[in-house]
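Enquirer: Whatever this is, show me its structure:
(one chain, ligands or ions: 1)
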Amino acid sequence: MTIPVACAVILNDQKVLSVRRSKDMPLAGYWEFPGGKVEEDESAESCIVREIEEELGVRVRILSSLPNHPHALTSEKSIQLIPFLVRVEAGKITLYEHDQLSWLGQSELFEVN
Ligand SMILES: Nc1nc2c([nH]c(=O)n2[C@@H]2O[C@H](COP(=O)(O)OP(=O)(O)OP(=O)(O)O)[C@@H](O)[C@H]2O)c(=O)[nH]1
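Expert: Residues are numbered from 1 along each chain as shown. Below you'll find the model as predicted:
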């Protein structure tokens, strides 16, 4: 089974926004790009706008779509990660589901879980 997951790449001064999954979420403590599962009858584009509003409380505009990335979770379950480069259009980033955020530079991305 392959689950489509849309995620947002939000840049600020060459650093990318990363958020940490809270203890109320599965895979707690792992860092990710904000986003979530694409629902049935939803486009990946609508999904990322919805998820970012739910998770970070901001409205984003999609600037471009980035190459999709398949990622095996278990032998039966995999994720098709669908990243979008987005820009925050309105609001102030607030964590509604995650417990930490960090703006990470290219090499720092490899230093978190
Ligand atoms: N958002 C996000 N999810 C990722 C990334 N990489 C990655 O493997 N995933 C996985 O994709 C899945 C996304 O599921 P989720 O639980 O965040 O989705 P959701 O917000 O729709 O939650 P829900 O199922 O409770 O409605 C998780 O298994 C997560 O670990 C990433 O960079 N960002």
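
Enquirer: I figured I62 was touching P83, is that so?
Expert: No - using C-beta atoms under 8 Å as the test, I62 is too far from P83 to be in contact (10.7 Å). For every residue, glycine as well, the C-beta is placed using N, CA and C.

Enquirer: can you give me the helices for this protein?
Expert: Using DSSP state H, the helices assigned to the chain run over residues 44-56.

Enquirer: if we can go back for a sec, out of I62 and P83, which sits in the busier spot?
Expert: Neighbours per residue, other C-beta atoms under 10 Å: of I62 and P83, the larger number sits with P83, 20 against 15.

Enquirer: what about the residue nearest to that one when sequence neighbours are not counted, how many residues close to it?
Expert: Leaving aside its sequence neighbours, P83 sits nearest to L66 (C-beta to C-beta, 6 or more residues apart in numbering; 4.2 Å). Residues contacting L66 under the criterion other C-beta under 10 Å number 13.

Enquirer: Use 36 as the first number from now on
Expert: In the new numbering, first residue 36, that becomes L101.

Enquirer: which residues does L101 contact?
Expert: 44, 118-120 (C-beta atoms under 8 Å, 6 or more residues apart in numbering).

Enquirer: try E124
Expert: E124 makes contact with 93-96 under the criterion C-beta under 8 Å, 6+ apart.

Enquirer: bridging residues for P105?
Expert: Per DSSP bridges, the residues bridged to P105 are Q115.

Enquirer: Many thanks, we can stop here.
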